[in-house]
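> Build me a structure from this.
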Amino acid sequence: MEYYLQVSVMGTSDEAEAAKIARSVASSSLVKVPYPNWGRIACAAGYTTVPFDLSKLWISLGDIVLMDGGQPLQFDRTAASSYLQKAGEEHGTIEICISVGDEPGEGKAWSYDLSYDYVKINAEYTT
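Modelled structure (predicted):
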């Protein structure tokens, strides 16, 4: 299954900061694998130099909220995996939404998946 990844970020002081976080998440190899993992998303957001209050961090995968107030939430892994499968098949886009605060800055970034075959081929590649 191939899909595109759309990362939307809100709550920063300006558009540039939001776009910086969105690009960090969208370009993370650990986020681009097709498994719902709030920790990988939060970590990729934190890699940036954009300051934000962890207690305001909110993350969703489609309609499934993975983290709120900086705390991971219990979620239905089957439903999250089903969302990934369904979104990939229906329109090819997986949506990740992130809020880091109460400011007006918003930004988006897009990427693509790292499919199992892509990882396998590159893991076996030698020079």
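> Run a quick neighbour tally on the closest residue to residue 64 other than its chain neighbours.
Spatial nearest neighbour of residue 64, chain neighbours left out: residue 80 (5.2 Å); criterion: C-beta to C-beta, 6 or more residues apart in numbering. All C-beta atoms are positioned from the backbone trio N, CA, C, and that covers glycine. The tally of other residues near residue 80 (other C-beta atoms under 10 Å) stands at 18.
> How about residue 101?
20.
> tell me the contacts of it?
Counting by C-beta atoms under 8 Å, 6 or more residues apart in numbering, residue 101 makes contact with 11, 12, 52, 53, 56.
> What of residue 18?
Contacts of residue 18 by C-beta under 8 Å, 6+ apart are 9, 10, 11, 12, 105, 106, 107.
> Go again with 6 Å.
9, 12, 105, 106, 107 (C-beta atoms under 6 Å, 6 or more residues apart in numbering).
> Which ones among the residues you listed lie within strands?
Cross-referencing the contacts of residue 18 against strands under DSSP state E gives 9, 12, 105, 106, 107.
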